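>>> Generate coordinates for the sequence data below:
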Amino acid sequence: MSRTSHLLRRFLTPYLLLAPGLLWLIVFFIFPTVQMFLYSVSTGSVDFGYRLTWSFAAFTQIPQEFSRQFANSILYGTLATILTFLISYPLAYFIAFRGGRYKNVILFLVIAPFFTSFLIRTISWQIILGDNGPVIGLIHTVDVFHQVPQNFTFMGEPIAVVSGLVYNFLPFMTLPLYVALERIDLRLIEAAQDLYAGPWRPRGWIYGALGGAALGGLVGFGISWSVPAFAAAGAVLGTLIGGFFVSESFLRVTFPLSLPGVFAGSLLTFIPALGDYVNATLLGSPKTQMIGNVIQARFLESNDYPTASALSFVLMVGIIIAVMAYARVLGTEDLSGGVTI
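Alright, predicted model coming up:
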């Protein structure tokens with residue numbers, strides 16, 4: 001009897017430990033998701049109630065009416081993820097390998113904005129990018145040839161929305177990258193520097209120029225500014241970075257070992273940025289609306305629950321598919337595991 005009880009306890013212990021987390025998922029994720037789907041295939045109104053009719057009319061109107069908002073969300077979310085990565089990786093690298101005794105101070109500065117409300121942080125960008133703000137004032141000050149129009153503005157433009165997204169989600173990218181880089185054994189980097197001494201292969205200049213031009217062109221397209229100008233600037237920066245700052249040891253050892261952090265940071269940035277509506281509301285205009293703005297308006301203003309639920313369900317499924325594809329392409333199946341080089 002004692003042996004039977006011991007075996008039974010060993011068998012049940014893992015499930016008992018999982019029970020609180022599973023219960024939490026069932027109550028706060030699975031049940032609301034099922035309820036959301038049932039609303040999306042229902043008809044009726046808030047005043048007279050909704051009846052489950054299995055009507056997919058709300059889904060059929062999405063491609064025709066909301067394709068622009070979905071495109072804005074994907075474009076702005078992608079740009080925000082790329083830009084936060086380009087800013088966060090050098091920062092996380094410096095903290096992990098050059099921070100020394102100031103690591104904790106720098107990390108505190110990274111997360112310090114979290115002590116302020118997300119809404120307040122976004123409103124502050126209205127002041128920074130506003131027509132009477134410091135950025136516009138500086139542009140007009142240095143414009144000695146008066147080439148910038150007097151009505152030049154950032155507010156209501158894609159650049160303002162993307163800037164807000166990058167600022168608000170920067171810590172979500174920096175912290176996972178720092179953790180991944182901090183875990184790398186320094187002896188591996190030293191060995192890599194001995195094996196792959198010197199700069200990147202001679203093709204590094206070419207790869208840097210092409211990659212920089214592609215990213216610059218994407219940024220220019222995303223913020224609706226001159227694509228050729230941004231592509232040219234990106235090519236110059238890419239050439240300098242690829243030729244002077246990127247070593248072969250970094251590409252072969254350091255960056256592959258940090259891929260779990262890249263994966264985690266990308267998800268923590270892209271997913272909330274894709275569904276964000278605060279930045280587009282406060283910094284954007286009707287032409288920069290994201291799908292989150294439509295969902296918020298349909299739920300809280302129009303009380304159109306079927307359409308709002310259908311949009312939310314499509315967004316959720318799209319994110320899941322994108323994450324699965326991204327994980328497969330990146331080859332990162334376990335966020336805590338290593339990466340085969």
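
>>> A strand includes R51, no?
Yes - the assignment for R51 is a strand, going by DSSP: H, G, I helix; E, B strand; the rest coil.

>>> That one reaches Y39, doesn't it?
No - in terms of C-beta atoms under 8 Å, R51 does not count as a neighbour of Y39; the distance is 10.9 Å. Every C-beta, even on glycine, is put in place using the N, C-alpha and C of the backbone.

>>> Just want to know which of these two has more residues nearby.
The residue with the greater number of neighbours, taking R51 and Y39 and applying other C-beta atoms under 10 Å, is Y39; the counts read 20 against 9.

>>> The more buried one: which element?
With elements delineated by DSSP states H and E, Y39 resides in helix 31-40, which encompasses its position.

>>> now swap in T78 and tell me
Taking DSSP H and E as the definition, T78 sits inside helix 67-98.

>>> what's around the closest residue to I111 other than its chain neighbours, how many residues?
Taking C-beta to C-beta, 6 or more residues apart in numbering as the measure, I111 lies nearest to P171, with 5.4 Å between them; neighbours along the chain are not counted. Neighbour count of P171, defined by other C-beta under 10 Å: 20.

>>> what does S55 give?
By the measure other C-beta under 10 Å, the count of residues near S55 is 14.

>>> What of the one 10 residues further on?
The local packing count at E65 equals 12, with neighbours defined by other C-beta under 10 Å.

>>> quick one: pLDDT of it?
Per-residue confidence at E65 stands at 91 (pLDDT).

>>> related to what we said a few turns ago, show me what the helix holding Y39 is packed up against.
Contacting helix 31-40 under the criterion 3 or more C-beta pairs under 8 Å, 6 or more residues apart in numbering; DSSP states H and E are the following elements: helix 305-330.

>>> R9: which element?
Under DSSP H and E, the secondary-structure element containing R9 is helix 2-25.

>>> Please compute how far that helix lies from its chain's middle.
Helix 2-25 has its C-alpha centroid displaced from the chain centroid by 37 Å (C-alpha atoms, centre = their mean, to the nearest Å).

>>> average model confidence for the host helix or strand of the residue nearest to I111?
Counting by DSSP H and E, the element that carries P171 is helix 158-182. The predicted model assigns helix 158-182 a mean pLDDT of 94.

>>> now stretch 203-220
On average, the pLDDT along stretch 203-220 is 87.

>>> Just the buried residues of it, please?
204-205, 207-213, 215-220 (16 or more other C-beta atoms under 10 Å).

>>> ok, those vs F250, which is closest?
Nearest to F250 out of the buried residues of stretch 203-220 is G204 (C-beta to C-beta; 10.8 Å).

>>> For the helix holding T78, name the packing helices and strands.
Under the contact criterion of 3+ C-beta pairs under 8 Å, 6+ apart, helix 67-98 touches helix 103-111, helix 158-182, helix 204-222, helix 259-275, helix 291-300.

>>> Nearest to Q69 among those helices would be which one?
Nearest to Q69, of all those, is helix 291-300, at 4.6 Å by C-beta to C-beta.

>>> Please list the residues outside the closest one that contact it.
Around helix 291-300, the neighbours that count as contacts under C-beta atoms under 8 Å, 6 or more residues apart in numbering are 66, 69-70, 72-73, 274-277, 280-281, 304-305, 307-308, 311-312, 315.

>>> Same check on stretch 208-222?
Contacts for stretch 208-222 (C-beta under 8 Å, 6+ apart): 75-76, 78-79, 82-83, 86, 158, 162, 200, 226-243, 246.

>>> pull the CA atoms of that stretch into CSV?
Output of stretch 208-222 as CSV, limited to C-alpha atoms (Å, rounded to 0.1, in the frame of the first residue of the first chain):
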residue,chain,number,x,y,z
GLY,A,208,26.6,45.5,-45.2
ALA,A,209,25.7,47.8,-48.0
LEU,A,210,22.9,45.5,-49.4
GLY,A,211,21.5,44.9,-45.9
GLY,A,212,21.6,48.5,-45.0
ALA,A,213,20.0,49.6,-48.2
ALA,A,214,17.2,47.1,-47.8
LEU,A,215,16.5,48.1,-44.2
GLY,A,216,16.8,51.8,-45.0
GLY,A,217,14.4,51.5,-47.9
LEU,A,218,11.9,49.6,-45.7
VAL,A,219,12.1,52.3,-43.1
GLY,A,220,11.6,55.0,-45.7
PHE,A,221,8.6,53.1,-47.1
GLY,A,222,7.1,52.5,-43.7
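
>>> Okay, I87 and L177: tell me how far apart.
Taken as C-beta to C-beta, to the nearest Å, the spacing of I87 relative to L177 amounts to 10 Å.
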